[in-house]
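*Asks:* Provide a 3D model corresponding to the input given below.
(2 chains)
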Amino acid sequence: MTLLALDWFLLIEKLVLIAVIIFASLGIALYTTFAERKVAAILQDRPGPNRAGSFGLLQPLADGLKLITKEEIIPNSANKALFILGPGLAMTAALMTCAVVPWGNKVEMFGRSIALQIADINIGILYVFGVVSMGVYGVMIGGWASNNKFSLMAALRGASQAISYELAMGLSLIALLMLTGSLSLRKIVEQQMMDGHFWNIAYQPLGFLIFFICAMAECNRTPFDLPEAENELNFGYHQEYSSMKLGFYLFSEYINMFISSTIMATMFFGGYDVPFFNEAAHADLGNWLAVIGIVSLLFKVIIFIFVFMWIRWTIPRFRYDQLMNLGWKKMIPLALANMVITGAVILWLQK
Amino acid sequence: MGIVQILFWFLTALALVSALMVLLSKNPVFSVLWLIAVFFAISGHYILLNAQFLAIVNMIVYAGAIMVLFLFVIMLMNLNKETEPQKNIWMKIAGAVSGGCLLMVLISLVKQANEMTGKTALMKDGNIGLIGNLGKALFSDFVVPFEISSVLFLSAMVGAVVIGKK
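*Replies:* Prediction:
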């Protein structure tokens, strides 16, 4: 069955994989909004949402229904095409990142060996950076097209913050990439799974710290949520948005949080590796091995998401000059020092 | 026509149409957005040549960083129809003629170049553009130009800081 010199089974396999991963990301992001409200409630000593369903478990569905059925308003003075493009771009950029993440080991199904990863490309982590830098456009276009000064200010803040922290993020990863010698996320995970090799966090604790802080800034999470500082900017870059377009902006933030947690777990915490468990010795488990891997990865991701929320509801917001000082005068020199020291140690160990 | 050819023609059409739209859009913000589309199409061409590193760096640096700065400047400037200076018709004709001359020179250069004739690009499975090979070439054969260009970047950075301090 070759038409257009193309393996159609591979195409179908990849399409199914893409659909599953995107819907899973959306579902997880949906329940992250619920978890956020619950965690906030616990940290503030109140019950939180508990009306819809038992323990309020249906709350995210009710929220989604509310957003969809609300009236859609496009301001008269707004640039219509760009006003609609903005949230779409934000959502697309958020979802595209999951293409290079290895979600688990290979699965044997229908006589085919299916890798649980949409694309294992040579440039892996750089692709993530490329897509993340596209995410800025959603914020900028939406903020500008609203034709509102507050939205524009918030969009500019968001864009300059994202660009500033992207630099330190990239520099902190260079040190890690010197160790791994590969950009492919699957290779990085496989290296961490090898015997006698610890997770990368053991070799790059400072790099991880910088990456974590920058990821928080990239996701616009408190203490870095300057683009949404409601007491300075009313509501932020999505002030003029209503209905599901607003929902897309809010939702893309949660997807970003989920994906950046996944990237951190993959890069620094062994990805789908289960600690103190030799996967290679248990090959008889077959597909269950992949399931264990996915559960392990998701467990790490949930811990990261919890830490994100914990920080959000504990630490107040930075002032804008503090944010820029932290990014340019502390994060970048620290990341550079980390890079130089890592390079020197690698050279010294190799003699 | 294989899948590679279809993609090639699609990307080529996308690049050309977007490049035209950069010039034809009335609103400069739209021009920037079309320019980003051009960069995407060109990155797509790089991927067809399996030059993955070049493709992604083109996206990160040009579409992701430089175009954001362009957008910054254009969004903050108040670009209305009234404030836009109207160019003389003769200026427009002169611009078109000189642009056409440049295009002709470029085309004749490409057509005459000996190393280009009879060579087709490596589609799909060339590995010259992968990051390992590129890094080896940059840090062994081309190390002097590479370092000199980084000195150039450093001087540009120092210059930006000096201007910013004023």
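*Asks:* For chain B, see how far away A:Ile73 is.
*Replies:* Here the distance between A:Ile73 and chain B works out to 22 Å (CB to the nearest CB, to the nearest Å). C-beta: built from backbone N, CA, C; applies to glycine.
*Asks:* my bad, A:Met109
*Replies:* 25 Å.
*Asks:* My guess is that residue contacts A:Asn287. True?
*Replies:* Yes - using CB atoms under 8 Å, A:Met109 is in contact with A:Asn287, at 7.5 Å.
*Asks:* Residues of chain B that sit close to chain A?
*Replies:* B:2-3, B:6, B:29, B:33, B:36, B:52-53, B:56-57, B:59-60, B:63-65, B:68, B:71-72, B:75-76, B:130-131 (CB under 8 Å from any CB of the partner chain).
*Asks:* Chain neighbours aside, what residue packs nearest to A:Cys219?
*Replies:* Nearest residue to A:Cys219, sequence neighbours excluded (CB to CB, 6 or more residues apart in numbering or on different chains): A:Asn256, at 4.6 Å.
*Asks:* Regarding chain A, what is its longest helix?
*Replies:* Among the segments of chain A that qualify as a helix by DSSP state H, the longest is helix A:8-43.
*Asks:* can you give me the mean pLDDT across that one?
*Replies:* Averaged over helix A:8-43, pLDDT sits at 87.
*Asks:* And the next helix or strand past it?
*Replies:* Per DSSP states H and E, helix A:8-43 leads on to helix A:59-69 as the next helix or strand towards the C-terminus.
*Asks:* Next up, the contacts around the most centrally placed residue in chain B.
*Replies:* Nearest to the centroid of the C-alpha atoms of chain B, with distances taken as CA atoms, centre = their mean, sits B:Phe39, at 6.2 Å. Applying CB atoms under 8 Å, 6 or more residues apart in numbering or on different chains, one finds that B:Phe39 lies in contact with B:Asn58, B:Met59, B:Tyr62, B:Ala63, B:Met67.
*Asks:* That one and B:Leu102: what is the separation?
*Replies:* Distance, B:Phe39 to B:Leu102, using CB to CB, to the nearest Å: 21 Å.
*Asks:* in the stretch 1-150 of chain A, what residue is nearest chain B?
*Replies:* Per CB to the nearest CB, the residue of the stretch 1-150 of chain A with the smallest distance to chain B is A:Ser133, at 2.8 Å.
*Asks:* thinking that residue is in contact with B:Ile60, fair?
*Replies:* Yes - if you go by CB under 8 Å, A:Ser133 and B:Ile60 touch, sitting 5.5 Å apart.
*Asks:* Can you pull the poorly scored residue ranges out of chain A?
*Replies:* For chain A, applying pLDDT under 70 flags the ranges A:1-6, A:229-231, A:279-280, A:283, A:351.
*Asks:* The same query, at a cut-off of 50, please.
*Replies:* Within chain A, the stretches with pLDDT under 50 are A:1-2.
*Asks:* Which ones among the residues of chain B next to chain A map onto helices?
*Replies:* Per DSSP H, helices hold the following members of these: B:3, B:6, B:29, B:33, B:36, B:52-53, B:56-57, B:68, B:71-72, B:75-76, B:131.
*Asks:* most surrounded residue in these?
*Replies:* In terms of neighbours by other CB atoms under 10 Å in any protein chain shown, these top out with B:Ile56 at 27 neighbours.
*Asks:* the helices in the chain, which residues?
*Replies:* As the question left the chain open, I've gone with chain A. Counting by DSSP H, chain A forms helices over residues A:8-43, A:59-69, A:80-96, A:124-145, A:149-180, A:185-193, A:205-218, A:230-233, A:243-268, A:287-312, A:320-325, A:332-350, given from the N-terminal end onward.
*Asks:* right idea, wrong chain: chain B
*Replies:* According to DSSP H, the helices that chain B contains are B:3-24, B:28-48, B:52-57, B:67-76, B:89-112, B:131-140, B:143-165.
*Asks:* chain center to the fourth one: distance?
*Replies:* So that's helix B:67-76. 17 Å (CA atoms, centre = their mean, to the nearest Å).
*Asks:* swap in the longest one?
*Replies:* Mean-position distance between helix B:89-112 and its chain equals 18 Å (CA atoms, centre = their mean).
*Asks:* can you pull the buried residues of it?
*Replies:* Neighbour counts over helix B:89-112 (16 or more other CB atoms under 10 Å in any protein chain shown) mark no residue as buried.
*Asks:* same deal with the last one?
*Replies:* Buried residues in helix B:143-165, counting neighbours by 16+ other CB under 10 Å, are absent.
*Asks:* How about A:Gly327: what's its closest non-neighbour residue?
*Replies:* If the residues on either side of it in the chain are set aside, A:Gly327 comes closest to A:Ser164, at 4.1 Å by CB to CB, 6+ apart.
*Asks:* Who are the contact partners of the one you found?
*Replies:* A:Ala217, A:Met324, A:Gly327, A:Trp328.
*Asks:* cool, A:Asp225 as well?
*Replies:* Counting by CB under 8 Å, 6+ apart, A:Asp225 has contacts A:Arg317.
*Asks:* count of neighbours near B:Ile74?
*Replies:* One way to gauge burial is a neighbour count; for B:Ile74, by other CB under 10 Å, it gives 15.
*Asks:* make that A:Leu67, sorry
*Replies:* For A:Leu67, the count of nearby residues is 17 (other CB under 10 Å).
*Asks:* Surely it touches A:Met244?
*Replies:* Yes - using CB under 8 Å, A:Leu67 and A:Met244 qualify as a contacting pair, with a distance of 5.4 Å.
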